[in-house]
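# here is a sequence together with a model predicted from it:
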Amino acid sequence: MPSAATSRAPRKYAYRKVLWADNYTVIYERIVEGTAADGRPIPHHVYRQSHTAFFKGAGGIHNLQAGVVRGTRHLPGLIHAFYENLLWFVPIEAPFEALGALARPLLRRAAPLAERFAARVGLRWGERKVAEDAALRALEKEATIATEKTLPPSLASGIEQATTKAAEHSEITTLTNVEAEIAAADVLPQYKPGSGFSGVYDPSSGQWIALASGDASLLTGKEIQTVSQYGGHAAAERALVEKTGASAMNENVGFVVIWEGDNVVRIRWNSRSINARNFGDRAAPLRFRKAIRDVVQRDTGCRVVE
Amino acid sequence: MIRINGYELPDLLVRLLDEGAWGPDCRDASFDKLPIEDKDDLTLFDVSAMVRNTQELYDALARGEGPVLALSHGAAALPGVLDVSRAVLIAATRGQEALALDYSQGVPARVVATTDTSWVEVARDFDELARMIGLAGASDAT
């Protein structure tokens, strides 16, 4: 156990690899090392971190610039972490409006800090026009990423509107058996019957997550942020990776949970993005279905029908 | 006029949207003639959902899901493959079955739907789709 002195010792952060990057989410591995007061090194560990809600609030990522195993920093505390986001990711136009006044002074303070830091560690801040696969190529090489992923102009205003009006993602939109803040059994009854959730199950661990999708809505009428129908399974898989740190996704199974009311949920088995990728067919393999039915029934307390 | 992904939506679709006859609350349509398996989970999109889900086509491509979902971007037209730069998603299930306006062959856009491995034409234009699924008001426009 590290001592109090140890916990105050400088820590070293190094970006190892960006695992995922799209317009709204970045997931990356980060190595954290420390040095104890007596100079003894604290063994490093690797953990995964993601940023999604932040970018959604800001309107999405316009420009992704990430150093990989190149930057080390020794700034303490929460502000450090926030600066860190701003250092690496530049949101698209009209940023931070959704975050309100709190973010604006931080942004102003962070911008020069970002420039100084970039100069100090030799980051390339160049921009280049992007093809969608540029980020993936860079990830494969574990090289510095300097890429710009632009939205088609005709989509930009709509996306901005859609993302800025959405509330931050919260546990009320999530059914899961992984460190749930609100038990799935308590989430479902708050929804209008017919509300659907895009789900992903990891057979190796029995862990699953399902996110409120499309026009799913609360009985109270309070606005929530749902994932889209078409991208819901991808979002759920990202969420599962964030929560569990699982790296292998090639056995994941996609499914859909529909809240029918009266303590009943219906399961649908199609997912072109996950099941077709992993099993060559959009339908979940039969061999996984019983386990999924069982875990959904156990964790939601509902009768499961198909 | 409503433009999404650089393309104007068909007049009839705009009218149905205005009337509330096309959207997530629509219960009048019949999808029996469409090659969609989860018909009861097929949601007709309002404009914001069209924008959002059309953007998902780009995101899916960026994640490398093009081959699985039969998507391309700006490439020469391939049978069964949807060029995301010339498409607007107008309806989908949570299992990624979908209906799209496909502008790759010009205007009016044809309507395509997902199958297991590709996209197939289900209507020569949106008006034909509207008639096919029996939407109220569709016949008035023809």
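Now that the structure is in, tell me what you want to look at. Computed from a predicted structure; not experimentally measured. Numbers count the residues shown, from 1 in each chain, chains lettered A, B, ... in the order given.

# next, the most centrally placed residue in chain B: secondary structure please.
Residue closest to the average C-alpha location in chain B (C-alpha atoms, centre = their mean): residue B:100, at 2.0 Å. Three-state call for residue B:100 (DSSP: H, G, I helix; E, B strand; the rest coil): strand.

# tell me the contacts of it?
Going by C-beta atoms under 8 Å, 6 or more residues apart in numbering or on different chains, residue B:100 touches B:82, B:87-90, B:111-113, B:119. For glycine as for every other residue, the C-beta is placed from the backbone atoms N, C-alpha and C.

# once you drop chain neighbours, what's closest to residue B:58?
Spatially, and ignoring its direct neighbours in sequence, residue B:58 is nearest to residue B:84 (5.6 Å; C-beta to C-beta, 6 or more residues apart in numbering or on different chains).

# I'd like to know how many residues surround that neighbour.
Residue B:84 has 27 neighbouring residues, counting by other C-beta atoms under 10 Å in any protein chain shown.

# for the one 4 residues further on, same thing?
By the criterion of other C-beta under 10 Å, residue B:88 has 28 neighbours.

# in the sheet, who's paired with it?
Taking DSSP bridges as the rule, residue B:88 bridges to residue B:101.

# that one against residue B:6, yeah?
No: applying C-beta atoms under 8 Å, one finds residue B:88 not in contact with residue B:6, separated by 9.3 Å.

# which stretches of chain B form helices?
Assigned by DSSP state H, the helices in chain B fall at B:11-19, B:47-62, B:66-69, B:126-132.

# make TSV out of those helices and add mean neighbour count and mean pLDDT.
Output for the helices of chain B, formatted as TSV (neighbours: other C-beta atoms under 10 Å in any protein chain shown; pLDDT from 0 to 100):
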stretch	mean neighbour count	mean pLDDT
helix B:11-19	18	91
helix B:47-62	23	85
helix B:66-69	20	89
helix B:126-132	21	95
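
# of all those, which lies closest to residue B:94?
For residue B:94, the closest of those is helix B:47-62, at 11.2 Å, according to C-beta to C-beta.

# that's a helix at residue A:197, yeah?
No: read with three-state DSSP, residue A:197 is strand and lies in no helix.

# report pLDDT for it.
Residue A:197 carries a pLDDT value of 96.

# and if you look at residue B:33?
Value for residue B:33, per-residue pLDDT: 93.

# surely it touches residue B:133?
Yes: assessed by C-beta under 8 Å, residue B:33 is found in contact with residue B:133 at 7.3 Å.

# roughly how far apart are the residue nearest to residue B:58 and residue B:24?
Taking C-beta to C-beta, to the nearest Å as the measure, residue B:84 falls 23 Å from residue B:24.

# over to residue B:7?
22 Å.

# these two - which one has more neighbours?
Of the pair residue B:7 and residue B:24, residue B:7 is the one with more neighbours under other C-beta under 10 Å, namely 18 against 15.

# ok, for the more buried one, nearest residue in space, not its chain neighbours?
Per C-beta to C-beta, 6+ apart, closest to residue B:7 is residue B:103, 5.1 Å.

# next one: stretch B:16-31 to chain centre, how far?
Its chain's average C-alpha position is 14 Å from that of stretch B:16-31, according to C-alpha atoms, centre = their mean, to the nearest Å.

# what do you get for stretch B:120-135?
10 Å.
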